[in-house]
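Asks: predicted model, plus sequence, below.
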Amino acid sequence: MHWRTPCSPKLKKSQDANLQLFSIESNLKSYKYGTMKNTLLLFLLWMATPVISQVKSTSSIQNKGKFFLYWGWNRGYYSDSDITFKGADYDFTLKDVKAADRPTPFTVKDYFHPAHLSTPQTNYRIGYFFKENYTISLGVDHMKYVVAQNQNVPFEGRIDEAYGMDTSSSVDLTAEFLKFEHTDGLNLISLEISRFDAIGAFFGLDKENFQIHATEGIGLGVMLPRTNSTLLSKERYDAFHLSGFGLSARVGIDLTFYKYFFVMTELKTGYIYMPDIRTTQSVSDSARQSFGYLEPTLVIGGRFSIF
């Protein structure tokens, strides 16, 4: 017969804490591994495209001089971020803050009705083929960024004693202390340079009315978030504000039908730096943060000639 010794409350609490710490560390390692894996995938696809494109296309379709536009949807995955908050009676930094996107549940109304097109996480862009294989484009990545509530994070800095906050070395991100999200949204307005290569012949699928393109590009733009922030019960600032800049690199596959219509999926990665985030109605209150992101997208669009 085996006897099980009762576990003391202190020991059980310690074991639960260790399990929670192990879970957080495992998730962090998993995220870092996933980020490295996706970055490597982007690099390998970028290196492979010129080789694949050496297989000559037999199609007579010409893209130089054409315009294109598209609309679609995205998901967002973000690295942990240090966020600094400054005001007249506080100056502190929250370390390794976790955040996620907030995708809208799918309904035909929310995703396709003209009056609701900005409700989901969306991408839209217009561009021009200035060479047969190269485009320049201007567009918006409307992502969403939501700091997870009730997480415990390291705290550095000061908050005036009048707020009654216990911030010795860490703090819980409760609704009473902080709600922080870019849900209207995390808007990157960017200029992109991209390359398109017809690769259908490589797979024996080079048809007049169906083409496959590999595409890759880089982008640079400004961040125009509409931040929903409730900090220390202060009144939030509810307007768009130019807050910083973003960099991006992308690879994708484009399927073109009947010369003019296409469906494209991309994997984009990048870096966002926002040193001037408005948080409350007071101009003396602001936040600063930077983070990396991964953004898979699916878009539909068309190509057309004007001249």
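Replies: Alright, I've got the coordinates.
Asks: where does this protein dip in pLDDT?
Replies: 1-60 (pLDDT under 70).
Asks: and Gly157, how many residues sit next to it?
Replies: 13 (other Cβ atoms under 10 Å). For the C-beta atoms, the positions are set from N, CA and C on the backbone; glycine is no exception.
Asks: report the beta-bridge partners for it.
Replies: Beta-bridge partners of Gly157, counted by DSSP bridges, are Phe92.
Asks: which ones are touching it?
Replies: Thr84, Tyr90, Asp91, Phe92, Thr93, Thr167 (Cβ atoms under 8 Å, 6 or more residues apart in numbering).
Asks: switch to 10 Å and redo it
Replies: Thr84, Phe85, Lys86, Tyr90, Asp91, Phe92, Thr93, Leu94, Thr167 (Cβ atoms under 10 Å, 6 or more residues apart in numbering).
Asks: hmm, the third one is touching Thr280, no?
Replies: Okay, so that is Lys86. No - in this structure, Lys86 is not within contact of Thr280 by Cβ atoms under 10 Å, at 11.2 Å.
Asks: okay, and the common contacts of these two?
Replies: Each of Ser286, Ala287 lies in contact with both Lys86 and Thr280 under the rule Cβ under 10 Å, 6+ apart.
Asks: and the helices in the stretch 151-300 of the chain?
Replies: Counting by DSSP state H, counting those that start in this stretch, the stretch 151-300 of the chain forms no helices at all.
Asks: which parts of it are strands?
Replies: Listed in chain order, the strands of the stretch 151-300 of the chain (DSSP state E, counting those that start in this stretch) span 152-159, 170-172, 178-198, 210-223, 227-231, 244-257, 261-278, 286-304.
Asks: and the third one, how far from the chain's centre?
Replies: The chain centroid and the centroid of strand 178-198 are separated by 7 Å under Cα atoms, centre = their mean, to the nearest Å.
Asks: residues in contact with the nearest residue to Leu242 once chain neighbours are set aside?
Replies: Spatial nearest neighbour of Leu242, excluding adjacent residues (Cβ to Cβ, 6 or more residues apart in numbering): Leu224 at 5.7 Å. Going by Cβ under 10 Å, 6+ apart, Leu224 touches Val140, Gly185, Leu186, Asn187, Leu188, Ile189, Phe240, His241, Leu242, Ser243, Gly244.
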